[in-house]
Every structure is written in structure tokens, then in C-alpha cells.
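Student: Turn this into a model:
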Amino acid sequence: MLGLRRWATRTAHLASLAGICGFAQQAVAADYEGSPQVAEFVAEMTRDYGFAGEQLVSLFRDVERKQSILDAISRPAEKVKTWAEYRPIFITDRRINNGVEFWKQHEAALARAEQEYGVPAQVIVAIIGVETSYGANTGSYRVIDALSTLGFDYPPRAEFFRKELKQFLLLAREQQVDPLTLKGSYAGAMGMPQFMPSSFRAYAVDFDGDGHINIWNDPDDAIGSVASYFKRHGWVTGEAVVSTAQISGEQAEEGLTVGLDPVKTVGELRAMGWSSHEAVRDDVSVTAFRLDGEAGPEYWLGLPNFYVITRYNRSAMYAMAVHQLSDLIVQARGTK
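Tutor: Below you'll find the predicted structure:
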């Protein structure tokens, strides 16, 4: 798939400044015919990034507005799940066993990623397992349709998705691929690790050294890219992810972190009635959180590596699912 380079070849020539306005004002056919937003976007891409305006106008004639995407992103949020409801979605025998198999098939790449980036193989495997079931479900929407639909027709987050659309077109040019061929989620997340275009450009790596980054169906590149992302976000080699905690006293609940950013140290939480099952230095800033599990409330201290996982997805339950899946894959691998 990433061998397709026709579009990049025909868009490599810069548009002359005299032609920019004319290209931007051309009517765009199909779902975006006459859209002033698209005309403005084309003008910006030609002016700021040197794209050929006539080629972008031609490209957008093939872009489709997807009502199913707007329906999906506008759908009222489901009832907020408890940890007891959320955990079984991702911690299953099938996902654990498939994780063991994925590790077996790509052992060399995982070992090299762990060596080069310091990120444990099991964490890389768990991320790919939670995100796309090891590449089995990477999304069926054309990325350009998703980002265009949300960038031009979803006002609440249009600015964000237009920025991602810019990043996507830059990505396609850099990687020499036809942007009409790349698939992803309804929100434009791509490949086995579900990178948004901005994350792709910032963190994805050509881990197999073939000259192109393919996170869609090249497990080596996906593995290296996840490791790169974690390393760049501050993963500390050899450090733990979480520590179980107990609370006591009237101030204990006040110690719970609002959001995910670690703002209190272990020492400060200790003074509020928190105690850690594992030894953690008093000066370490942590995320203190509670999960409602099957057996009742669970209290945890999220250590710096836990915060790194939440940078991938801003959810404490997501980070815990990744962490616990990674541990269970290690355990299962040791028995096979």
C-alpha cells in the first residue's frame, strides 16, 4: 500500500503565487462543490506549504462527506463505565493469547525496540492489542474523508480536525503515498497503533529501514513507532507503572487527583492518609485515583510511567487496561 506514490509525484511541483487565488476559488465538485471552507483551506496549503493548488482542488473532488462519521462523533456519550464494566472489554483470554502470539511472531522487532527505546516489549504489545486487536481492526474509513468531514462539517472540533488534515496531507507528501488510499478510524486515527497524523509525523519511525513508514500493515514499523512515542513522552526504563494504595482518615478522598496530571507527591498524599503498598519515594509526583472494581473501590498511585500511558489516551482506565494486559501477556507467555 505504501508503495503507491502517484499522488506525491503529481503534487511535487509548487503552484505559482499568481495562480493561488484562482485555484482556491475553483468550485470543488462532489460533496464539497463550492465550499468556501475548502477553498480557504486550499489557499492556505498552497501559501504555507507549497502544495500545487490545482492538484488539491482535483483531490477534493474525490473526497466524500460521510454522514456516518458525523453520526458517530455526535452520538450522545454512553453511560460512563465503571472499571468493573470497562476492564472485561480489553482483558480477555482471546486478547491475552493473541498478544502472546503477536509477541512470538515479532519477537526480534520487539526485542530491538526494547533495546533501542527502553520500552518493555509487553507494553508495546498491549498498546497494539488494546488499540486494534493486534492489527485486526484498524478502521475502514478513508482518512481523508474522516478528517475532511470533521474538519469542514463538525463545528465543535473543526479547528482540531483541519489541523490534522493539514498534517495528513504533509504526511502523504513526505511518505509519497496517495492520500485517497489510506484507511483509519472515523476520527482519522491510523494503522495498528492508531496514530493521528500529527503523531505520525512527530513519532512514527521506519523501524525496518525500507525507506517508508508503514504503520498500517508493517508490524515492525508499528512496534518501533509505539516505542518511539513512549520514549519521547518520558518513559523511564525499568520503573514501575502503578502502586496499589490504601487510604484512611477524613482527608484521604481530597487527595484524589483532578484530571490526570500528577500534582501531589507521595509525601503530600501520605500526610493526607494515603499509604503505598510498594516502596515509592516521597518526592515522586503521582496521579492518585480510584477505580470501582468488581470487589469495590480500588485506590492506586499512578507513577510517571503511568502518566506516559495516559498521554497515548487520556484515561486512567485505558492506562490500567494497557498495564494489566501487558502483565497478563507476560504471565501467559511464560506458561506456553
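
Student: count of neighbours near residue 299?
Tutor: Using other CB atoms under 10 Å, the number of residues around residue 299 comes to 21. Heads up, the C-betas are built off the backbone N, CA and C, glycines and all.

Student: again with residue 210
Tutor: The burial count for residue 210: 13, using other CB under 10 Å.

Student: For the residue lying closest to it once chain neighbours are set aside, report the pLDDT, please.
Tutor: In space, and not counting its chain neighbours, residue 210 is closest to residue 218: 8.0 Å by CB to CB, 6 or more residues apart in numbering. Note for residue 218: predicted pLDDT of 98.

Student: hey, where'd the strands end up in the chain?
Tutor: Using DSSP state E, the strands of the chain run over residues 141-142, 183-184, 242-247, 264-265, 274-276, 285-293, 296-302.

Student: Mind putting these into CSV with distance to residue 53 and mean pLDDT?
Tutor: Below are the strands of the chain laid out as CSV (distance: least, CB to CB, whole Å; pLDDT from 0 to 100):
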stretch, distance to residue 53, mean pLDDT
strand 141-142, 22, 98
strand 183-184, 26, 98
strand 242-247, 51, 97
strand 264-265, 52, 98
strand 274-276, 59, 96
strand 285-293, 47, 98
strand 296-302, 48, 97
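
Student: Residue 120: which of those strands is closest?
Tutor: Of all those, it is strand 242-247 that lies closest to residue 120, at 14.1 Å by CB to CB.

Student: The closest one relative to strand 285-293, how many degrees between them?
Tutor: Orientation of strand 242-247 against strand 285-293 (axes from the mean of the first three to the mean of the last three CA atoms, to 10 degrees) gives an angle of 80 degrees.

Student: just to revisit the earlier point, so for residue 114, which of the strands of the chain sits nearest?
Tutor: strand 242-247 (20.0 Å).

Student: Neighbouring strands - and their directions - for that closest one?
Tutor: Strand 242-247 sits in its sheet next to strand 274-276 (antiparallel), strand 296-302 (antiparallel), going by DSSP bridges.

Student: Could you check the shortest one and say which residues are buried?
Tutor: Right, strand 274-276. Of the residues in strand 274-276, 274, 275, 276 count as buried by neighbour count, 16 or more other CB atoms under 10 Å.

Student: residues contacting the first one?
Tutor: Yep, that's residue 274 we're talking about. With contacts defined as CB atoms under 8 Å, 6 or more residues apart in numbering, residue 274 is in contact with 245, 246, 247, 252, 255, 266, 288, 299, 301.

Student: Now render the residues you listed as JSON lines, adding distance to residue 236.
Tutor: Shown next, in JSON lines, are the contacts of residue 274 (distance: CB to CB, whole Å):
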{"residue": "245", "distance to residue 236": "20"}
{"residue": "246", "distance to residue 236": "25"}
{"residue": "247", "distance to residue 236": "26"}
{"residue": "252", "distance to residue 236": "27"}
{"residue": "255", "distance to residue 236": "23"}
{"residue": "266", "distance to residue 236": "16"}
{"residue": "288", "distance to residue 236": "19"}
{"residue": "299", "distance to residue 236": "23"}
{"residue": "301", "distance to residue 236": "15"}
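
Student: from those, which single one is nearest residue 47?
Tutor: Nearest to residue 47 among the contacts of residue 274: residue 288, at 47.8 Å, using CB to CB.

Student: ok, the closest one - contacts?
Tutor: Contact analysis of residue 288 by CB under 8 Å, 6+ apart lists 245, 255, 256, 257, 264, 269, 274, 299, 300, 301, 302.

Student: Now with 10 Å, please.
Tutor: Residues in contact with residue 288, defined by CB atoms under 10 Å, 6 or more residues apart in numbering, are 245, 247, 252-258, 262-264, 266, 268-269, 272, 274, 299-302.

Student: all helices for the stretch 1-150 of the chain, in order.
Tutor: Using DSSP state H, counting those that start in this stretch, the helices of the stretch 1-150 of the chain run over 6-10, 17-25, 36-49, 53-60, 67-74, 83-90, 93-105, 107-117, 121-132, 143-153.

Student: Residue 315 is nearest to which of these?
Tutor: Among the helices of the stretch 1-150 of the chain, helix 83-90 comes nearest to residue 315, with 8.9 Å by CB to CB.

Student: In the closest one, which of the residues would be classed as buried?
Tutor: By 16+ other CB under 10 Å, the buried positions in helix 83-90 come out as 83, 86, 87, 90.
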